[in-house]
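*Asks:* Got a predicted model here, sequence first, then my questions.
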Amino acid sequence: MLFNSLQFLLFFVVVIVVFYVLPPRVRVWWILIASLFFYCYESPEKPISDQSKYLLLAIAVSWITGLIMDVIPSEGRLKILRTALLIEGLVTDFGMLCYFKYTKFIIELINPSIVEKGGEAISTDFNLLMPLGISFFIFTSTGYLFDVYRGKTRAEKNPLYYALFTCFFPCIMSGPIERADHLIPQLKKLHEVKVISADRMANGVSLLVWGLFAKMVIADRIAMIVDNVYAHYYLYGSVELIFASVCYSIQIYCDFMSYSSIALGCAKLMGIDVFDNFNAPYLSQSVQEFWRRWHISLSSWLKDYVYIPLGGSRCSKLRKYLNVMITFLVSGIWHGAGLNFIIWGGIHGIFQVIDGMTSPLRKKFNELTHAKTDSFGYRFGRGLVTFICVDIAWVYFRITDFHLANEILRRMISKPDLWVLFNDGLYTLGLNRKEFNVLFIALIILVVMDIARKKTEKSVGDIMVAQPWWFRWAFIIIMLFAVLTFGIYGPAFDAANFIYLQF
């Protein structure tokens with residue numbers, strides 16, 4: 001059930017209407033029922049999908065493991081039993097994740113899918129139906145186990161609260177990756193929250209319509225350029241390929257940001273605050289800052305449960321850089337079972353290492369040249385370099401074939417064709433002039449909103465709540481009008497998949 005589909009709209013309307021009319025103390029259980037239905041329901045003929053059992057298994061294992069681990073002392077002889085329970089929970093969760101997500105990849109590494117033997121092609125076909133959202137609910141449950149083990153949070157004794165924490169329907173498919181000490185207390189006090197208020201409703205609806213605008217007006221429209229150029233890369237030169245690469249950077253941002261924005265809006269309308277996953281990442285001054293603003297819940301998860309346990313920065317510089325590389329390789333592997341994702345993560349790790357190693361030299365150079373580091377020109381230059389670095393890495397994220405990605409990058413610098421900027425060549429890449437104009441105006445709105453977000457460090461919903469009532473609802477009406485008028489519809493694009501649903 002996609003967030004930009006009519007089915008989800010009908011589902012959410014029913015959920016929110018029933019939620020508002022129910023007595024406050026039973027609302028949380030209604031959300032649990034809705035969340036389980038959202039994930040488990042498949043069709044009238046098959047009400048419970050096969051993949052739902054893996055979610056229920058992850059919930060049961062992590063809840064029971066957390067309960068037992070919580071009663072075992074963290075010091076003394078029994079600590080080893082506590083550690084063994086943590087390992088058992090992690091092996092179960094990550095074993096499930098690896099089985100569905102990486103089995104085919106590992107087999108293909110060990111035994112290529114097609115082997116010529118005796119003139120006969122032997123094919124290895126090992127395709128598994130990966131449960132939707134498995135990377136997200138597994139990271140949610142394993143983060144919980146780590147927190148209980150460390151004593152950061154107490155184990156949740158009520159299985160219903162814990163189940164809702166794990167399968168909360170706005171977050172289960174593509175995040176944000178929530179933490180127990182942030183979400184579970186909200187669930188327990190939900191009956192005390194005044195959910196029907198002008199500010200909260202304006203906040204939630206603003207996030208919903210902004211997410212739909214980013215997805216249906218920008219991401220799905222710009223995808224036509226990306227898909228066309230990358231599918232026929234051999235027909236295009238430097239300008240078209242660079243343009244398509246920039247377009248993909250915008251596409252994946254708007255696509256994933258839109259999902260997170262809709263998730264925030266849905267939760268907000270039910271009186272729940274979840275993590276904001278994005279904060280103007282393409283306005284970052286370094287790759288390190290980019291990762292503080294991009295997929296924030298995953299970045300913080302990797303920092304807390306991978307980077308810091310490895311030693312973080314409390315060690316030698318060489319070890320620190322090794323920790324950085326390991327963390328970003330894990331990030332790449334988490335995103336997908338493919339060498340391209342590992343390379344993508346490795347590239348970001350290398351950028352971070354280079355940034356750390358050259359920081360003293362750059363600081364000294366700025367002092368010697370009396371560089372005005374607070375000036376617009378300096379900050380614009382740093383932001384542009386950061387965007388170019390991130391954009392290069394996105395090519396490997398988008399193209400699964402390593403050699404093909406290299407070829408596309410090679411053509412970007414070896415096939416100059418500046419004339420397409422003056423002969424309307426860009427209008428042949430997938431969008432006509434009218435569609436380009438719509439996209440251009442939408443991108444201006446996106447840039448303005450991102451500048452406002454970075455300046456205020458607030459979400460779109462919070463920004464709107466700070467405005468007069470007429471401005472809030474004017475924004476909502478304009479965004480709805482844009483979605484209904486300029487959103488991408490039709491057989492080929494109706495409810496187009498969100499990119500991060502595959503992870």
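*Replies:* Yep, that arrived. All values derive from a computational prediction rather than experimental measurement.
*Asks:* Can you give me the neighbour number for the residue nearest to residue 22 when sequence neighbours are not counted?
*Replies:* Nearest residue to residue 22 in three dimensions, chain neighbours excluded: residue 30, at 5.6 Å (CB to CB, 6 or more residues apart in numbering). To be clear about C-beta, it is placed using only N, CA and C from the backbone, and glycine gets the same treatment. Each residue near residue 30 was counted by other CB atoms under 10 Å, and the total is 16.
*Asks:* for this protein, what spans make up the strands?
*Replies:* Secondary structure of the chain (DSSP state E): strands located at 114-117, 120-123.
*Asks:* Mind splitting this protein into its structural domains?
*Replies:* For the chain, automatic domain parsing gives the domain ranges 25-192, 199-502.
*Asks:* In terms of mean pLDDT, which of the strands of the chain ranks lowest?
*Replies:* The stretch with the lowest average pLDDT out of these is strand 120-123, scoring a mean of 41.
*Asks:* And for residue 457, the neighbour number?
*Replies:* When neighbours are counted by other CB under 10 Å, residue 457 registers 10.
*Asks:* now residue 406
*Replies:* 13.
*Asks:* what's the answer for residue 429, then?
*Replies:* 19.
*Asks:* show me what contacts it?
*Replies:* 225, 228, 229, 236, 240, 243, 244 (CB atoms under 8 Å, 6 or more residues apart in numbering).
*Asks:* Would you list the buried entries among those residues?
*Replies:* Among these, the ones that count as buried by 16 or more other CB atoms under 10 Å are 225, 228, 229, 236, 240, 243, 244.
*Asks:* Local confidence estimate at the fourth one?
*Replies:* Among the per-residue scores, residue 236 shows a pLDDT of 91.
*Asks:* How much space separates it from residue 222?
*Replies:* In this structure, residue 236 and residue 222 are 16 Å apart, going by CB to CB, to the nearest Å.
*Asks:* Same check on the third one?
*Replies:* Distance, residue 229 to residue 222, using CB to CB: 11 Å.
*Asks:* Overlap in contacts, the two.
*Replies:* Counting by CB under 8 Å, 6+ apart, the residues touching both residue 229 and residue 222 are residue 247.
*Asks:* confidence score at the closest residue to residue 177 other than its chain neighbours?
*Replies:* Sequence neighbours aside, residue 297 is the residue nearest to residue 177 in space, at 4.2 Å (criterion: CB to CB, 6+ apart). Model confidence at residue 297, expressed as pLDDT, equals 93.
*Asks:* and if you look at residue 347?
*Replies:* 95.
*Asks:* Same check on residue 224?
*Replies:* pLDDT, residue 224: 92.
*Asks:* go on, residue 265?
*Replies:* Predicted confidence (pLDDT) for residue 265: 95.
*Asks:* and the nearest residue to it once chain neighbours are set aside, what does it touch?
*Replies:* Closest residue to residue 265 apart from its sequence neighbours, by CB to CB, 6+ apart: residue 207 at 3.2 Å. Neighbouring residues of residue 207 by CB under 8 Å, 6+ apart: 261, 262, 264, 265, 268, 459, 460, 461.
*Asks:* tally of neighbours for the fourth one?
*Replies:* Here the neighbour count serves as a burial measure; for residue 265 (other CB under 10 Å) it reads 25.
*Asks:* same deal with the second one?
*Replies:* Neighbouring residues of residue 262 were enumerated by other CB under 10 Å; the total is 26.
*Asks:* Show me the helices in the stretch 351-500 of the chain, by range?
*Replies:* 376-398, 402-414, 433-456, 460-465, 469-486 (DSSP state H, counting those that start in this stretch).
*Asks:* whoops, the stretch 201-350 of the chain was the one
*Replies:* 220-231, 238-269, 287-293, 296-302, 317-335, 339-369.
*Asks:* same check, this time on the stretch 1-150 of the chain
*Replies:* Listed in chain order, the helices of the stretch 1-150 of the chain (DSSP H, counting those that start in this stretch) span 6-21, 27-40, 52-71, 79-110, 134-150.
*Asks:* Was I right to think residue 180 contacts residue 165?
*Replies:* Yes: between residue 180 and residue 165 there is a contact at 6.1 Å, judged by CB atoms under 8 Å.
*Asks:* Need the residues touching each of those two.
*Replies:* What both residue 180 and residue 165 touch, as defined by CB under 8 Å, 6+ apart, is the set 144, 156.
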